[in-house]
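Colleague: Sharing a sequence plus its predicted fold:
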Amino acid sequence: MVYVIFGVSSSGKTTIGKKISIKLGIPFYDADDFHSNTNIEKMSTGVPLDDHDRLDWLQKVLLKINESNKNNGAIFACSALKEKYREILSGSYKYEVKFIFLKIDKSEAAKRLKIRENHFFPIELLDNQFEILENPSNAIKVNASNDIDLVCEEIYAQIL
């Protein structure tokens, strides 16, 4: 099984994803690592990506998801803000890809972004992420404003 932990920047995708991957004994992948240099440069300068920019990135992540589903599964941290992005990521493995939505309010995400170090995503793009975020209809939903361990426990209760 592949689990895609998604939400806006600073919702805790990477931190939570790494903890869950350790608990489940499966690999962790950060979808940010699949971005092209062009995409990273664009975001670094405060320009939001559009659907065209994201397509190649999502397809690269999908290839890794497909590979992971052939093995023992994996955890992916990925923004996946729109339903059509999540549809791309589930590919032909619709029943072997589960999505976990980290819900967080804008003020908490902004607070976390301000103290975040060594990441290309500027706070100026946060509004855009909330504007394009589509509330998922078929995902595990957790309150990412809670303590990390509590969030992980809530996820474990729903996937184990």
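Modeller: Right, received. Where do you want to start?
Colleague: most residues in a single strand of the chain, which one?
Modeller: In the chain, with assignment by DSSP state E, the single longest strand is strand 97-103.
Colleague: name the helices or strands packed onto the helix or strand that that strand is followed by?
Modeller: Per DSSP states H and E, the first helix or strand lying C-terminal to strand 97-103 is helix 106-115. With contacts taken as 3 or more C-beta pairs under 8 Å, 6 or more residues apart in numbering; DSSP states H and E, helix 106-115 sits against helix 126-132. Where C-beta positions appear, they are placed from N, C-alpha and C, glycine not excepted.
Colleague: What helices and strands are in contact with the helix it packs on?
Modeller: With contacts taken as 3+ C-beta pairs under 8 Å, 6+ apart, helix 126-132 sits against helix 106-115.
Colleague: what is the orientation angle of the helix it packs on with strand 97-103?
Modeller: Relative orientation of helix 106-115 versus strand 97-103 (axes from the mean of the first three to the mean of the last three C-alpha atoms, to 10 degrees): 90 degrees.
Colleague: Pull out the buried positions in helix 106-115.
Modeller: Buried residues in helix 106-115, counted by 16 or more other C-beta atoms under 10 Å: Glu108, Ala109, Ala110, Arg112, Leu113.
Colleague: could I get those residues as a markdown table with pLDDT and distance to Asn72?
Modeller: Shown next, in a markdown table, are these (pLDDT from 0 to 100; distance: C-beta to C-beta, whole Å):
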| residue | pLDDT | distance to Asn72 |
| --- | --- | --- |
| Glu108 | 91 | 34 |
| Ala109 | 88 | 32 |
| Ala110 | 85 | 37 |
| Arg112 | 78 | 31 |
| Leu113 | 76 | 33 |
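Colleague: contacting residues for the residue sitting nearest the centre point of the chain?
Modeller: Closest to where the C-alpha atoms of the chain average out (C-alpha atoms, centre = their mean) is Cys78, at 2.3 Å. Listed by C-beta atoms under 8 Å, 6 or more residues apart in numbering, the contact set of Cys78 reads Val4, Ile5, Phe6, Lys13, Ala31, Val61, Leu89.
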